[in-house]
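Asks: Fold the following for me, if possible:
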Amino acid sequence: SAAWSSLLVAASLDLVKSLSIKTLKSEIFLQTSSLTETTENNTVLNDEVSSMISYVDSILNVVPRFIRISSRMACIRAIGARRIIEEVARCQWNTSRLSEASNRYVELVCGRYAFIWRFLCTSAKLPIGVRKKVWEQLVIVGYAALLEGFARVHDCTTEGRLLMSMDLESFAAGTTPQAIQESLHHDGIPQPGQVISPRGREYVDHYIKASYYPTEDVLSWIYSNKENYHFNHCLALTNGQTDLVGNVKSLYKVKGGESD
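Replies: Got it, this is the predicted structure:
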């Protein structure tokens, strides 16, 4: 709610800006009509108008970014992203057995999404447009939490990677509009919107598939995707291989675990 309150503040500032400009222009007219040194006074008042406009614009330019960051942080807390990462870490990824179903945590996470969507729909404070934006952020941070969890797994077999893919697909299926509505037994709750994002299912899937590549192909993949994935995520793909670790650190311009 704090983020969307900021949007109201931004709209108010924009209105104040417009009204202030009109007021100052009126002052300019009144003063220039009664003063002989019109040029000098016009310059002073125009400078005041420009200064005020610049100040208000600087605030307005910050608000959209602040809203995005605040919404993302709120969604991270709402889905329990840290808990998801911890649950991923508890799973057995070094298995030699092919699993027939995804891990239990995925079902619980999808259930939490359904609960959150019900809350969003039954809250009289949130207009439809806000609900849509919040839902998009919820789904995106869910994929981000899965990626972070998978990247922290250091001991993983091929069967474990297949299980990761299964978890990912189960999460994607469990957060579709139809799945959410069905889990709520319809109950008069509308479907959430379909979320299409470059940081969605395919984003995480590409990362999982990269873990199958041989060393030379992994480095090539990292070079091609360094702008899209964090340093720690790409470092995890090296499996601790000294040469590869050095190459990745050099690529990201990192020394001693910190950016230059």
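Asks: which stretches of the stretch 151-260 of the chain form strands?
Replies: In order along the chain, the stretch 151-260 of the chain carries the following strands (DSSP state E, counting those that start in this stretch): 254-255, 258-259.
Asks: ranking the ones you listed by mean pLDDT, which is last?
Replies: For the strands of the stretch 151-260 of the chain, the stretch scoring lowest in mean pLDDT is strand 258-259; its value is a mean of 48.
Asks: Quick check: L163 touching T95?
Replies: Yes - with contact defined as CB atoms under 8 Å, L163 reaches T95; the gap is 7.2 Å. Bear in mind the C-beta positions are built from the backbone N, C-alpha and C, glycine included.
Asks: Counting neighbours, go ahead and name the busier of those two.
Replies: Just comparing L163 and T95: by other CB atoms under 10 Å the higher neighbour count belongs to L163, 22 against 15.
Asks: show me what contacts that one?
Replies: With contacts taken as CB atoms under 8 Å, 6 or more residues apart in numbering, L163 has the following neighbours: 91, 93, 95, 99, 102-103.
Asks: of all these, which comes closest to A236?
Replies: W93 (12.3 Å; CB to CB).
Asks: Wait, a helix at that closest one?
Replies: No - counting by DSSP: H, G, I helix; E, B strand; the rest coil, W93 is located in no helix; its state is coil.
Asks: Could I get the full set of helices for this structure?
Replies: In the chain, helices defined by DSSP state H lie at 2-34, 38-79, 81-90, 104-122, 128-151, 158-174, 177-183, 201-210, 215-225, 231-236, 242-251, listed in chain order.
Asks: average model confidence for the first one?
Replies: Right, helix 2-34. Confidence for helix 2-34, expressed as mean pLDDT, is 49.
Asks: Same question for the third one.
Replies: This predicted structure assigns helix 81-90 an average pLDDT of 96.
Asks: could you say what helices and strands that helix packs with?
Replies: On a contact count with 3 or more CB pairs under 8 Å, 6 or more residues apart in numbering; DSSP states H and E, helix 81-90 meets helix 104-122, helix 128-151.
Asks: burial of V245, as a residue count?
Replies: 13.
Asks: In contact with the residue lying closest to it once chain neighbours are set aside: list those residues for me.
Replies: Of all residues beyond its chain neighbours, the one nearest V245 is T238 (4.9 Å), with distances taken as CB to CB, 6 or more residues apart in numbering. T238 makes contact with 218, 244-245, 248, according to CB under 8 Å, 6+ apart.
Asks: How much space separates T238 from S211?
Replies: Distance from T238 to S211, counting by CB to CB, to the nearest Å: 10 Å.
Asks: Give me the common contacts of these two.
Replies: In contact with both T238 and S211: V218, using CB under 8 Å, 6+ apart.
Asks: How about residues contacting stretch 105-120?
Replies: Contacts made with stretch 105-120 from outside it, assessed by CB under 8 Å, 6+ apart, are listed as 78-80, 84, 87-88, 91, 126, 131, 134-135, 138-139, 142, 167, 170-171, 174-175, 179-180, 183-184, 187, 189, 192.
Asks: returning to that earlier point: quick one: the residue nearest to V245 and T215, what's the gap?
Replies: 8 Å.
Asks: Give me the common contacts of those two.
Replies: L244.
Asks: ok, back up a step: now the helices and strands packed on helix 81-90 as JSON lines including mean neighbour count and distance to Y229?
Replies: Written out in JSON lines, the entries for the helices and strands packed on helix 81-90 read as follows (neighbours: other CB atoms under 10 Å; distance: least, CB to CB, whole Å):
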{"stretch": "helix 104-122", "mean neighbour count": "17", "distance to Y229": "22"}
{"stretch": "helix 128-151", "mean neighbour count": "20", "distance to Y229": "8"}
